[in-house]
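Peer 1: sequence plus the predicted model coming up.
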Amino acid sequence: MALHRRISITAVLALAATIATTGAAVAATATPLPAAAHAAVAGAAGTAAKPAAAAFQGALPAPTGRFAAGEDVIHLTDFSRPDPWVPSAGPRQLTVSMFYPAVAGTGTQAPYMTLAEAAGFIQYRVPPNTGITAQELSDVTTHAYTGARAVHGKYPLVVLSPGFENPRTTLTSLATELAGHGYVVALVGHTYEDSGETLANGQTPSCAICDGSSPTAPSPDTITASRQKDVSFVIDQLTHRGGCAWRLSDLIDKHSIGMAGHSIGGAATVDTMIADPRVLAGVNLDGTFFPVPGAGQIKRPYLMMSHGTDDPTWIQTYANLGGYKRWLDVVGSNHATFTDIPVLAQEAGITPPTSIDPLRGTVITREYVTAFFDQSLKGIHQPLLDGPTPGNPDVLFQQ
């Protein structure tokens, strides 16, 4: 059985019509990323005799809420523990993108990645001589604005955790959507677990645990346990009296906190909710559960969104959840549907390898996740979650 669900990068680079989602070790095959998607198009230009490929100009869908999305990037250091993957690096360092409700027309366009993150992304994921540049990747339109003026108020906090090997930026579209609907979002980069997160010292270390063949490679359970510590530490820093970790921490309603994650980031919601009672609601976006929670261990609201219903850990987990719960399967989707990847791949000229339109996949993810947090954190009943609706025939309610 797959340790977590993922898509083979080879399928994207070959412009394959189908996608591989078969069992593989956590670090065996990489999820195709926006840079890789563009690389396939650039590489298809062939020899110098052919016209040069147009520059990649990616843009994420604009958020639909009544607020604009502001964005700050903060750097946190947990002096209570050494880095779990590279102890010689010293205390655990994290880079976190903070999204918040902002006044439209203020601030400046936030980059998708730093240039160093983009360069690491290309080096780690993309074959040489494909034409993608770090600047193009950094310049993807995010619809988030650095230095934007915050809309005064108190808002629930949602922590987002990306998939293994995926930088935090691959959940930017979901983060801006939540901010636009009145949430503060902490999008966590888990250092040494992806192609690179730029730290406070300017360094952008790459993945230290992605060699699944190594005898010292951590187990999925070990990774999710570490992410729980990352997330709880981030919550500590953001809700500490005085709010020194982030300049806008007064926006956070510390009594209304949720967590969502993709792939192993989704699996980490289980560890976090069990260990940290401050997290009142959780969302798993297509991640195999490591571990499966015991019966009654989670009695708070929980949403599961999948691209298939054959993962036994999902069947076991759903049966063991003790509170409000929903399991939604998205027809025609794949593992990447719940991230920015398919939209950017299509903009790069890649024919979608699934039957669902990439933008439609983004709309579904954002609408249902937002509805879930509106209901579970804000107490606003959402009929969208009551059962199948005529406007969403591609969203199937399981169990």
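Peer 2: Nice, thanks for sending it over.
Peer 1: relative to the lengthiest strand in the chain, what are the paired strands and their orientations?
Peer 2: If you go by DSSP state E, the chain has its longest strand at strand 68-82. Taking DSSP bridges as the criterion, strand 68-82 sits next to strand 91-102 (antiparallel), strand 144-146 (parallel) in its sheet.
Peer 1: so for Tyr324, which of those sits nearest?
Peer 2: Tyr324 lies closest, by Cβ to Cβ, to one member of these: strand 91-102, at 25.6 Å. The way it works is simple: take the backbone N, C-alpha and C, and place the C-beta from them, glycine included.
Peer 1: in that closest one, which residues are buried?
Peer 2: 92-102 (16 or more other Cβ atoms under 10 Å).
Peer 1: could you pull out the helices for the stretch 251-399 of the chain?
Peer 2: Per DSSP state H, counting those that start in this stretch, the stretch 251-399 of the chain carries helices over the ranges 264-275, 312-320, 341-347, 358-378.
Peer 1: returning to what we had before: relative to Thr64, which of the buried residues of strand 91-102 is nearest.
Peer 2: Pro101 (13.2 Å).
Peer 1: doesn't Thr176 make contact with that closest one?
Peer 2: No - the pair formed by Pro101 and Thr176 falls short of the contact definition of Cβ atoms under 8 Å, at 10.7 Å.
Peer 1: what segments of the stretch 201-350 of the chain are strands?
Peer 2: Here the stretch 201-350 of the chain has its strands, by DSSP state E, counting those that start in this stretch, at 252-262, 279-285, 302-306, 325-330.
Peer 1: helices or strands next to the second one in the packing?
Peer 2: Same thing as strand 279-285. If you count contacts as 3 or more Cβ pairs under 8 Å, 6 or more residues apart in numbering; DSSP states H and E, strand 279-285 packs onto strand 252-262, helix 264-275, strand 302-306, helix 358-378.
Peer 1: convert the third one to CSV, retaining C-alpha atoms only.
Peer 2: Listed next in CSV are the C-alpha coordinates belonging to strand 302-306 (Å, rounded to 0.1, in the frame of the first residue of the first chain):
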residue,chain,number,x,y,z
TYR,A,302,-13.0,16.5,10.7
LEU,A,303,-13.1,16.7,6.9
MET,A,304,-11.5,14.2,4.4
MET,A,305,-11.2,15.0,0.7
SER,A,306,-9.9,12.3,-1.6
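Peer 1: okay, now the unreliable bits of this protein?
Peer 2: Residue ranges of the chain with pLDDT under 70: 1-54, 125-131, 242-243.
Peer 1: repeat the analysis, applying 90 as the threshold.
Peer 2: 1-57, 118, 120-134, 137, 211-216, 240-244, 341-342, 344-354, 399 (pLDDT under 90).
Peer 1: got any residues that touch both of Pro101 and Thr176?
Peer 2: Residues touching both Pro101 and Thr176 (Cβ atoms under 8 Å, 6 or more residues apart in numbering): Ala69.
Peer 1: and for the closest residue to Val103 other than its chain neighbours, the neighbour number?
Peer 2: Closest residue in space to Val103, ignoring its immediate chain neighbours: Arg149 at 4.4 Å, by Cβ to Cβ, 6 or more residues apart in numbering. Close neighbours of Arg149, defined as other Cβ atoms under 10 Å, add up to 14.
Peer 1: OK, contacts around Arg149?
Peer 2: Contacts for Arg149 (Cβ under 8 Å, 6+ apart) come out as 70, 102-103, 106-107.
Peer 1: show me which of those are buried.
Peer 2: Here, 16+ other Cβ under 10 Å leaves 70, 102, 107 buried among the contacts of Arg149.
Peer 1: could you dump those residues to TSV with distance to Thr339?
Peer 2: Putting the buried ones among the contacts of Arg149 into TSV (distance: Cβ to Cβ, whole Å) gives the following:
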residue	distance to Thr339
Gly70	22
Ala102	23
Gly107	24
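Peer 1: of those, which is the nearest to Ser249?
Peer 2: Gly70 (13.5 Å).
Peer 1: beta-bridge partners for that closest one, please?
Peer 2: Going by DSSP bridges, Gly70 forms beta bridges with Tyr100, Tyr145.
Peer 1: surely it and Gly107 touch.
Peer 2: Yes - using Cβ under 8 Å, Gly70 is in contact with Gly107, at 6.0 Å.
Peer 1: quickly list what's touching both of these two.
Peer 2: 145-149.
Peer 1: tell me which two in the residues you listed are the farthest apart.
Peer 2: Largest separation among those by Cβ to Cβ: Thr146 and Arg149, giving 11.6 Å.
Peer 1: what do those two both touch?
Peer 2: What both Thr146 and Arg149 touch, as defined by Cβ under 8 Å, 6+ apart, is the set 70, 107.
Peer 1: buried sites along the longest strand of the chain?
Peer 2: So, applying 16+ other Cβ under 10 Å, buried residues of strand 68-82: 68-74, 76, 78.
Peer 1: please save the CA atoms from that strand in CSV.
Peer 2: Only the C-alpha atoms of strand 68-82 are listed here, as CSV (Å, rounded to 0.1, in the frame of the first residue of the first chain):
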residue,chain,number,x,y,z
ALA,A,68,-8.0,41.0,-0.2
ALA,A,69,-5.2,38.7,1.0
GLY,A,70,-2.2,40.2,2.8
GLU,A,71,1.0,38.2,3.2
ASP,A,72,3.9,38.3,5.6
VAL,A,73,6.8,35.8,5.8
ILE,A,74,8.1,35.2,9.2
HIS,A,75,11.0,33.0,10.6
LEU,A,76,10.7,31.1,13.8
THR,A,77,13.2,29.1,15.8
ASP,A,78,12.3,26.5,18.3
PHE,A,79,15.2,26.5,20.8
SER,A,80,13.6,23.7,22.8
ARG,A,81,14.6,21.0,20.2
PRO,A,82,17.3,20.4,17.7
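Peer 1: phi, psi for the residue nearest to Val103 please.
Peer 2: Main-chain torsions, Arg149, degrees, to the nearest 10: phi -70, psi 130.
Peer 1: what does the one 3 residues further on give?
Peer 2: As for His152, its main-chain torsions (degrees, to the nearest 10) stand at phi -60, psi 140.
Peer 1: brilliant, that's me finished.
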